[in-house]
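Enquirer: prediction below, plus the sequence it came from.
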Amino acid sequence: MSENNVPTRRNDLDNIRSITIVLVVLYHVAYIFNSSGVVSNIPVKGIRAVDVVCYFLNPWFMCLLFLVAGISARYSLRTRSMKQFAAERVRKLIVPFFGGMFLLAWLNGWVTGHYVDFFFGNKVPGFVRYLVYCLSIGPLWFLLELFVVSMVFLLIRRIDRNDRLRQLGGKAGLPVLVLLVLPVWGSSYLLNIPVVTVFRNGIYCLMFLLGYYVFSHEAVREKVGKCAVPFLVIAVVLGCADVWYFFGRNYTADACLQHPLTNLYLWMMILAILGCAQKWMDFRNSFTEYLRKRSFAIYVCHYPLLVTAAYLFTTYSKLPMAAIYLILIPAAFAASILFYEIFSRVPVIRFLLFGMKKRRPRAAAAK
């Protein structure tokens, strides 16, 4: 397929993004009750075996979202200038980041405040409490990180005006694609912010750049697709080994995330998912389209609603933990979608939370 005939959307990328966000929700259900020493908003221990979900997903699922974002940037820039791309990133990332912080994230802080005394016994005005609670941003960090990475990418692209780096990336053969695990491993040591471990700037920036400069080439993804099954088998074996080796330890610590086994596992899993998507996920139906249109809203909304529900169930019910898990999983999805269906129709809130522009009247849109 020639560059001029490349579509502006790819169903396989949309499906990867949607499925990964579903996994994000499942991860957070397990995470908030983890027994692995990872700090969460609710210090209630759940079923220890459920922590396997966190160990299996944590090394790669956010890296995959950054890589897919890098690939998608190529399709986006086919119909937008860099200035338009930057403006769109502000609307779709920065606006929902601050909107989500002030409209929803305070729930995370409110719940945590039942277990942690933020104010050391001092009485403070309600508005100050609210502002402090809003700082508990939860998964909204991804929006801020993706915006920063996108701006770094635009700077590199401005320097490389002729897109020579992308031309070079398009020549990558299968051995090179596998050996990219070495810079991936190296990037796990770079630009990490102490204490706030979610901001792994080095590896996330590299993933975005690899997405744009290497994996945005159809030919490169086709090469990966031809080895999808072997990659998947290798990734599952490595994942089992990684879970076995680190189970019981903090899976967000540097000792885990910078380990060669973890980085080999995350890279093989990303190659496997890209390959499987290229072979079997390039389709669209009513369900995938429904999920695609709501996946961003699910990401933005699910965590505060989930944490609040988890607090209420663990505080005011005597349900066993197994039942709480089973209730929270569908409840998180249902509450997020219901929240979206209601507030996506409220002009100001739809813009602040989801970056959605004002809807045009149907008559005007039809002209």
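Expert: Cool, the structure landed.
Enquirer: how about Phe153, nearest residue that isn't a chain neighbour?
Expert: Phe208 (6.0 Å; Cβ to Cβ, 6 or more residues apart in numbering). Every C-beta, even on glycine, is put in place using the N, C-alpha and C of the backbone.
Enquirer: the one helix or strand the one you found maps to: how far from the chain's middle?
Expert: Secondary structure from DSSP states H and E places Phe208 in helix 201-213. On the basis of Cα atoms, centre = their mean, to the nearest Å, helix 201-213 sits 14 Å off its chain's mean C-alpha point.
Enquirer: wait, Glu88 touches Arg80, no?
Expert: Yes: using Cβ atoms under 8 Å, Glu88 is in contact with Arg80, at 6.8 Å.
Enquirer: and Ile234, how close does it get to Trp267?
Expert: Distance from Ile234 to Trp267, counting by Cβ to Cβ, to the nearest Å: 10 Å.
Enquirer: neighbour count for the two, which is higher?
Expert: Higher neighbour count among Ile234 and Trp267: Trp267, with 26 against 18, using other Cβ atoms under 10 Å.
Enquirer: in contact with the more buried one, which residues?
Expert: Residues near Trp267 by Cβ atoms under 8 Å, 6 or more residues apart in numbering: Trp60, Leu180, Val181, Val184.
Enquirer: Arg284 belongs to a helix?
Expert: No: judged by DSSP: H, G, I helix; E, B strand; the rest coil, Arg284 forms no part of a helix; its state is coil.
Enquirer: mind listing what the closest residue to it other than its chain neighbours touches?
Expert: Leaving out its chain neighbours, the residue that sits closest to Arg284 by Cβ to Cβ, 6+ apart is Asn11, at 4.8 Å. Asn11 sits next to Met281, Asp282, Phe283, Arg284, Thr288 when contact means Cβ under 8 Å, 6+ apart.
Enquirer: can you put these in TSV and add neighbour count?
Expert: Below are the contacts of Asn11 laid out as TSV (neighbours: other Cβ atoms under 10 Å):
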residue	neighbour count
Met281	20
Asp282	14
Phe283	9
Arg284	14
Thr288	16
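Enquirer: closest one of those to Ala69?
Expert: Of all those, Ala69 sits closest to Met281, with 17.2 Å by Cβ to Cβ.
Enquirer: thinking again about what came up before, specify which member of the contacts of Trp267 is nearest to Ser295.
Expert: Closest to Ser295, out of all of the contacts of Trp267 and judged by Cβ to Cβ, is Trp60, at 18.0 Å.
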